[in-house]
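**Student:** Using only what follows, build the 3D model:
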Amino acid sequence: MKKFLALVLLFLFFAYNTYTYHQLSSAEGAYKLAGIPSSEKLIAAYHDNGFWQFATYNPKTRKLKVYAIYTDKPILPWGRDVKSVKTPLNYSPLALNPKLLEKAPKETPALLFAGKWYTRKNPPKFPTAEQIAKEYANKTLRELTAYHARKELWIGGITIQTGDAIYGAIGSGGVLVIPDLKQTGKSFIWEVEIPIDSNASKFVVRYLTNMTVRGIGIPTPSNDFIVTNETVEKALSLFEKSQVSKANPIFLVITLYSRSSNLVKISIMSITTYQKGISMMDKIPRGDTLGDYQEIPINNTESKSKMPD
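**Tutor:** Sure thing, here's the model as predicted:
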């Protein structure tokens with residue numbers, strides 16, 4: 001009897017394993033294995049070698065989620081990861097028909113976003129720094145942030161920690177960051193925070209040249225400042241000259257903000273070492289990150305730079 005039960009269990013094990021690998025061979029199958037509730041709307045999908053990700057948005061709870069499926073460990077408990085975060089942004093306009101998964105290209109990496117599949121041969125086109133600077137020139141903002149991802153879908157934050165020492169965190173909060181696929185490190189998603197009053201801000205995220213999401217939420221603890229072309233140019237110039245740019249980071253955040261009446265601060269944070277599923281991690285060692293920092297007087301006549309401690 002024990003041998004019979006053992007054979008049955010072994011048969012079920014291999015049957016499930018075969019079924020799982022079959023499902024993971026297609027975007028639709030991987031989507032089913034992710035176990036995504038019907039209340040969540042698919043807004044993006046990403047496929048790389050041995051790896052699937054699906055980003056969803058629940059308009060009732062205003063939560064973003066990213067589900068990750070690893071094809072090299074599908075039968076193990078950690079073969080599926082889920083990361084979630086609250087967002088002030090309304091991602092409903094980006095909701096996708098899951099039937100688009102049937103058109104997934106064989107080429108990897110591949111991205112499904114805004115109703116279309118993208119690959120390295122036809123990568124998504126993001127707004128340029130010049131376009132953003134022109135659009136918001138001489139306007140009052142609380143923060144201006146540029147996000148870049150070379151691989152994977154990113155949400156939330158990752159703690160920078162070595163041993164018991166914590167050195168801060170890096171991430172995009174309630175913004176879904178999609179990869180540029182070109183891997184040049186020079187394509188950005190832009191988040192603009194516009195003050196409404198002391199209790200609220202309007203958040204605008206520019207994805208593709210014709211794709212924007214918006215929302216109203218709690219303001220960041222920053223002073224208002226006026227954006228100029230020179231402000232954006234200095235931020236990108238600092239990045240181009242820094243070790244961060246030379247490292248060709250996997251994930252990059254450039255933030256312009258103010259904590260005083262006469263200075264705009266430029267903060268650069270990046271993750272430089274890649275491993276599959278890094279976007280789903282809770283923490284990474286400090287050695288896998290690089291950063292830089294600069295303060296610019298409001299009149300932009302001079303600046304002083306220093307590496308963060």
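
**Student:** Going by neighbour count, which residues in stretch 189-197 are buried?
**Tutor:** For stretch 189-197, the neighbour count (16 or more other C-beta atoms under 10 Å) marks 189-195 as buried. Placement of C-beta: from N, CA and C, glycine included.

**Student:** Pull the residues that contact stretch 186-206.
**Tutor:** 88-89, 123-124, 126-127, 129, 132, 136, 139-148, 172, 175, 177-178, 180, 207, 212-220, 222, 224, 254 (C-beta atoms under 8 Å, 6 or more residues apart in numbering).

**Student:** Out of the residues you listed, which sit inside helices?
**Tutor:** Judged by DSSP state H, the contacts of stretch 186-206 include 129, 132, 136 as members of helices.

**Student:** Look up how far residue 213 lies from the residue lying closest to the second one once chain neighbours are set aside.
**Tutor:** What that stands for is residue 132. Leaving aside its sequence neighbours, residue 132 sits nearest to residue 190 (C-beta to C-beta, 6 or more residues apart in numbering; 5.1 Å). Counting by C-beta to C-beta, to the nearest Å, the separation of residue 190 from residue 213 is 11 Å.

**Student:** and which of the buried residues of stretch 189-197 is nearest residue 277?
**Tutor:** Ranked by distance to residue 277 (C-beta to C-beta), the buried residues of stretch 189-197 are led by residue 189 at 20.7 Å.

**Student:** how deep is residue 123 tucked in, by neighbour count?
**Tutor:** Here the count is done by other C-beta atoms under 10 Å, and residue 123 has 17 residues near it.

**Student:** What of residue 216?
**Tutor:** 14.

**Student:** Give me the buried positions along stretch 161-180.
**Tutor:** 161, 169-180.

**Student:** What mean pLDDT does stretch 293-307 get?
**Tutor:** Average pLDDT, stretch 293-307: 58.

**Student:** Show the contacting residues for the residue nearest to residue 181 when sequence neighbours are not counted.
**Tutor:** Closest residue in space to residue 181, ignoring its immediate chain neighbours: residue 123 at 4.2 Å, by C-beta to C-beta, 6+ apart. By C-beta under 8 Å, 6+ apart, the contact list for residue 123 reads 180-182, 187.

**Student:** any idea which of the ones in helices among the contacts of stretch 186-206 is the one closest to residue 49?
**Tutor:** Using C-beta to C-beta, the ones in helices among the contacts of stretch 186-206 come closest to residue 49 at residue 129, 31.6 Å.

**Student:** ok, now which ones touch that closest one?
**Tutor:** Counting by C-beta under 8 Å, 6+ apart, residue 129 touches 146, 188, 232-233, 236.

**Student:** among those, which are in helices?
**Tutor:** Under the assignment DSSP H, the contacts of residue 129 contribute 232-233, 236 to helices.

**Student:** tell me which of those residues is nearest to residue 47?
**Tutor:** Proximity to residue 47 was ranked across the ones in helices among the contacts of residue 129 by C-beta to C-beta; first place goes to residue 236, at 30.5 Å.
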